[in-house]
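Q: Provided below for reference: sequence and predicted model.
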Amino acid sequence: MIRFENLTKSFRLRGERKVVIDNLNLTLPSGRSLALLGRNGAGKSTLLQIIAGTLRPDYGRVVSDGTISWPVGLGGSFHRDLTGAENVRFIARIYGVDTDDLVAFVEDFAELGKFYHMPMHSYSSGMRSRLTFGASMGIKFDTYLVDEVTAVGDRAFRSKSQKVFADRMTHSSAIMVNHSMNQVRKFCDAGLVLEGGRIRYFDDLEEAIALHEAMLD
C-alpha cells in the first residue's frame, strides 16, 4: 500500500511558481502494477522521486507499508565520482543485502565490461540506466519505480531486462513511466493519469490509456 496525504510539490520557473502535484490525497492499491501516464512535463518523474524519498514535497507525505525502490532509470541515487561497482556496494549496505552477491549480479546483468570499475561520470546515459536497473533488479522490493528503463540497450539487452522485470512482477508491484503503450500493456494492469497536478486512478488500464491519448491529441 502507498498512500499520498495532502501531497504538494511546486517549482519556480521564470519567476513563477508551477504546481506539479496539487494537494494529492490517494491510496494506491496493493498488488497492482500501475502505469503512470501524462504529458511531458506533467511531473511523472517528480512524483516517482517523491515516492522514493529522494525528493522532498513542499507539503504532505507519502506513507507505505512495504519497501520501495529508487526511481530506476533516473540514477539520482548514485554518486558520479564512484565506480559502478562502488555504487552497488554502497547500495547493498544501505538495503542490507549481501554485498558480494549484488556486485556479481549487477556485473553480469549490466554488461558494462571495464566501465563497471570506472567512475560513473564516464558513463553514457544508457550505461547509467543499465547499472541502476541491474542494481534494482538485484534487490527484492515490494514496489519497483521504473522510468523508461526497459527500453535501454540493444534488442538482446531489452529482452533480458524485460524478462527479469517480468519475473520480479510475479512477486512485487510497480509504478511505471513509459511512453510505449505496448510496454505499458505488457507490464501494467491498472493506470494513473497525472494532469494539472491531479491524479486519476483507473482500475481498467485501457481507460487510463484512452484518456492519456485523448489529452495528447
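A: Structure's in. What do you need?
Q: Show me the shaky parts of the protein.
A: Filtered on pLDDT under 70, the chain yields the residue ranges 73-77, 149-153.
Q: Now do the strands for it: every range, in order, please.
A: 2-13, 16-28, 33-37, 59-64, 68-72, 143-147, 173-177, 190-195, 198-202 (DSSP state E).
Q: Out of those, the one nearest Gln49 is which?
A: When the strands of the chain are compared by C-beta to C-beta, strand 68-72 sits nearest Gln49, at 5.6 Å. Any C-beta I mention is one placed from the backbone N, CA and C, and that applies to glycine too.
Q: which helices and strands sit right next to that closest one?
A: The contact analysis (3 or more C-beta pairs under 8 Å, 6 or more residues apart in numbering; DSSP states H and E) places strand 68-72 against helix 44-52, helix 125-137, strand 143-147.
Q: Adding distance to Phe202 and mean neighbour count, write those out as CSV.
A: What follows is the helices and strands packed on strand 68-72, written out as CSV (distance: least, C-beta to C-beta, whole Å; neighbours: other C-beta atoms under 10 Å):
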stretch, distance to Phe202, mean neighbour count
helix 44-52, 15, 23
helix 125-137, 26, 23
strand 143-147, 18, 24
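Q: ok, back up a step: so which of the strands of the chain is nearest His212?
A: Proximity to His212, assessed across the strands of the chain by C-beta to C-beta, is greatest for strand 33-37 (4.0 Å).
Q: chain center to the closest one, what's the gap?
A: The chain centroid and the centroid of strand 33-37 are separated by 10 Å, computed with C-alpha atoms, centre = their mean, to the nearest Å.
Q: Spell out which residues make up each domain of the protein.
A: Residue ranges for the structural domains of the chain, counted by automatic domain parsing, are given in the record as 2-67+142-216, 79-139.
Q: Contacts made by stretch 140-147 with the rest, please.
A: By C-beta atoms under 8 Å, 6 or more residues apart in numbering, the residues outside stretch 140-147 that reach it are 2, 44-45, 48, 51-52, 64, 66-74, 136, 165, 168-169, 171-178.
Q: and if you look at stretch 148-165?
A: With contacts defined as C-beta under 8 Å, 6+ apart, stretch 148-165 is touched by 72-73, 109, 111, 126, 129-130, 132-133, 137, 144, 146, 174, 177-180, 183, 186-187.
Q: dump the residue contacts of the residue nearest to Tyr116 when sequence neighbours are not counted.
A: If the residues on either side of it in the chain are set aside, Tyr116 comes closest to Gly84, at 4.6 Å by C-beta to C-beta, 6 or more residues apart in numbering. Contacts were defined as C-beta under 8 Å, 6+ apart; by that measure Gly84 touches 106, 110, 112, 115-118, 120, 123, 131.
Q: so Ile188 sits right up against Leu36, yeah?
A: Heads up, residue 188 is Cys, not Ile. No: here Cys188 lies out of contact with Leu36, judged by C-beta atoms under 8 Å, at a distance of 9.1 Å.
Q: Find residues that contact each of the two.
A: Common neighbours of Cys188 and Leu36, counting by C-beta under 8 Å, 6+ apart, are Met176.
Q: Which one of those two is surrounded by more residues?
A: Set side by side, Cys188 and Leu36 show more neighbours around Leu36, with 28 against 25, by other C-beta atoms under 10 Å.
Q: The more buried one and Leu82: what is the separation?
A: According to C-beta to C-beta, to the nearest Å, Leu36 stands 29 Å off from Leu82.
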